[in-house]
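Enquirer: here is the input, now give the coordinates:
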Amino acid sequence: MLSRQLNACVGTYSTLSFSLAASKQDLVLDQPPVVRALRGESVTLPCSCDVCNYPDFHSEWRFTGGNRAPGTILAVKTALSSKHQDPPYKFSVTHQRNSRSLLLIKNLQINDQGTYMCTMIKNVPPPTVILKGPGTQLEVYEPETTAQHADQSWQIGIVSSLRLGHLFLLCFVQPLAQWGPGLDF
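Expert: Got it, this is the predicted structure:
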């Protein structure tokens with residue numbers, strides 16, 4: 001009799017474990033895989049958990065790449081305060097409803113390229129839940145420059161990738177249109 005009850009408990013327990021694991025899979029942070037921006041601009045990286053709906057949570061943003069140590073904490077945002085790691089506040093975090101964290105990066109530079117990881121922590125009400133995002137790869141490009149050559153206008157876009165050690169040039173030739181007295185089309 002005891003053996004039969006034990007087997008029934010084991011079956012119930014394994015079913016419970018399976019359903020908990022299945023629901024935990026749904027709690028994943030959503031981050032775009034790649035964001036591209038120009039040097040000198042500002043960019044906002046989003047991180048959200050659509051099914052969480054936590055009214056009170058805090059988020060941490062970490063960076064890997066460039067000239068910073070791996071996993072450097074850039075900014076932390078709680079319900080009450082923000083902690084910025086850079087004195088001029090190059091990085092800032094804001095929260096929106098429905099468990100959404102936004103990392104603003106100002107005055108992008110080439111060494112800002114890398115992976116930005118978002119972590120959300122919910123403490124109240126218990127239990128504590130820690131969620132990590134897959135990370136967003138930020139690619140920073142040089143702004144396009146225009147050079148005049150004879151009767152043609154060349155646009156050169158410089159695309160650099162410090163991680164791979166390559167420099168790419170994208171060139172577009174566009175004829176220069178001129179009009180005025182005595183010039184017909």
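Enquirer: just for the protein, where's the confidence low?
Expert: 1-27, 66-70, 78-88, 98, 145-180, 182-185 (pLDDT under 70).
Enquirer: just the helices from it, written as ranges.
Expert: Along the chain, the stretches classed as helices by DSSP state H are 2-25.
Enquirer: domains of it?
Expert: 26-141, 145-175 (automatic domain parsing).
Enquirer: residues in contact with the spatially closest residue to residue 101 that is not a sequence neighbour?
Expert: Nearest in space to residue 101, with sequence neighbours left out and distances taken as Cβ to Cβ, 6 or more residues apart in numbering, is residue 59 at 3.8 Å. Yep, even glycine has a C-beta here, placed from its N, CA and C like the rest. Taking Cβ atoms under 8 Å, 6 or more residues apart in numbering as the definition of contact, the neighbours of residue 59 are 47, 76, 77, 93, 95, 101, 118, 119, 120, 121.
Enquirer: and of those residues, the nearest to residue 133?
Expert: Ranked by distance to residue 133 (Cβ to Cβ), the contacts of residue 59 are led by residue 118 at 4.0 Å.
Enquirer: how much space between the closest one and residue 92?
Expert: Residue 118 sits 14 Å away from residue 92, taking Cβ to Cβ, to the nearest Å as the criterion.
Enquirer: between the two, which one's more packed in?
Expert: Between residue 118 and residue 92, counting by other Cβ atoms under 10 Å, residue 118 is the more crowded of the two (26 against 18).
Enquirer: does that one touch residue 100 like I think?
Expert: No - using Cβ atoms under 8 Å, residue 118 is not in contact with residue 100; the gap is 10.2 Å.
Enquirer: need the overlap of contacts for those two.
Expert: In terms of Cβ under 8 Å, 6+ apart, residue 118 and residue 100 are both contacted by the residues residue 47.
Enquirer: so for stretch 33-41, first residue to last residue, what's the gap.
Expert: 20 Å (Cα to Cα, to the nearest Å).
Enquirer: which residues are contacting it?
Expert: Residues outside stretch 33-41 that contact it (Cβ under 8 Å, 6+ apart): 43, 45, 107-110, 134, 136-143.
Enquirer: surely residue 117 touches residue 64?
Expert: Yes - taking Cβ under 8 Å as the definition, residue 117 is a contact partner of residue 64 at 7.2 Å.
Enquirer: common neighbours of the two, please.
Expert: residue 71.
Enquirer: give the buried residues for stretch 52-61.
Expert: Using 16 or more other Cβ atoms under 10 Å as the test for burial, stretch 52-61 gives 52, 54, 57, 58, 59, 60, 61.
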